[in-house]
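missing the sequence, but the structure's below:
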């Protein structure tokens, strides 16, 4: 039987939660809900979740605080998907909280808030004035691009010396050390690395990864985060270089 993706909706406004639940369930998704950050983190510790739709302004833990904990893998879920205190067989759990797709849904539409959310590793940032149908479409797009839960078909390894990218496992090592990437960050790095020495336009990168939706700051923020994670000196990048007036180029040659 096909497993329907599960979306966790986190918002302290009951009407927003109800609206999102109705539209997501109509779209074929399983919906979990939480009215605050601690409840959301507790659910992530024990439930399989494919995407989180997260409000920014909540009492107690803000959405930004919740995302920081998700990306740090500190929701309370024990290592390797075990429930705390569990001593038997592993539970399914989330494959990795570090790459769990997270979409902010906020009444605040200022550029500073969007940049902050994307800078923390959010996959998208939606203002609440968007229609429910648009929100569902963007959830679908994020899930499609993250490919969470899909079986691995290949185990291609892109080896650039100091930097290695395991496509099948969706893992990145820099200098032999694993580095955590959000789902969209990995997708962007993979797209660039699979086209070495080719100048890829901003439009191509944006449309390939975000489709018709997104924000003009999104690509710039993600490029900056990639450089911080893979470059020895992010201000003088070796791997991801800017092609002025065009876009970006992945400069390294792949080892045979």
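Perfect, thanks for sending it. Everything quoted here is computed from the prediction, not taken from an experiment.

Quick one: list the elements packing against the strand or helix carrying residue 38.
Counting by DSSP states H and E, the element that carries residue 38 is helix 37-46. Using 3 or more CB pairs under 8 Å, 6 or more residues apart in numbering; DSSP states H and E as the contact criterion, the elements in contact with helix 37-46 are strand 6-10, strand 30-34, strand 51-55, helix 63-72. Glycine gets a C-beta too; all of them are placed from N, C-alpha and C.

and the angle for the first one with strand 30-34?
What that stands for is strand 6-10. Per axes from the mean of the first three to the mean of the last three CA atoms, to 10 degrees, the angle that strand 6-10 makes with strand 30-34 is 20 degrees.

average pLDDT for strand 6-10?
On average, the pLDDT along strand 6-10 is 96.

contact partners of that strand?
The list of residues contacting strand 6-10 from outside it, by CB atoms under 8 Å, 6 or more residues apart in numbering, reads 17, 20-21, 24, 29-37, 39-40, 43-44, 47-55, 58, 63, 66, 139.

right, and the helix or strand after that strand?
As assigned by DSSP H and E, the chain's next helix or strand after strand 6-10 is helix 14-26.

from what I can see residue 44 touches residue 69, true?
No. The pair residue 44 and residue 69 fails to qualify as a contact (CB atoms under 8 Å) at a distance of 9.1 Å.

Next, the buried residues of the helix or strand encompassing residue 117.
Assigning secondary structure by DSSP H and E places residue 117 in helix 111-119. Of the residues in helix 111-119, those buried under the neighbour-count criterion (16 or more other CB atoms under 10 Å) are 113, 114, 115, 116, 117, 118.

got a list of what the last one touches?
Applying CB under 8 Å, 6+ apart, one finds that residue 118 lies in contact with 125, 215, 217, 218, 221, 222.
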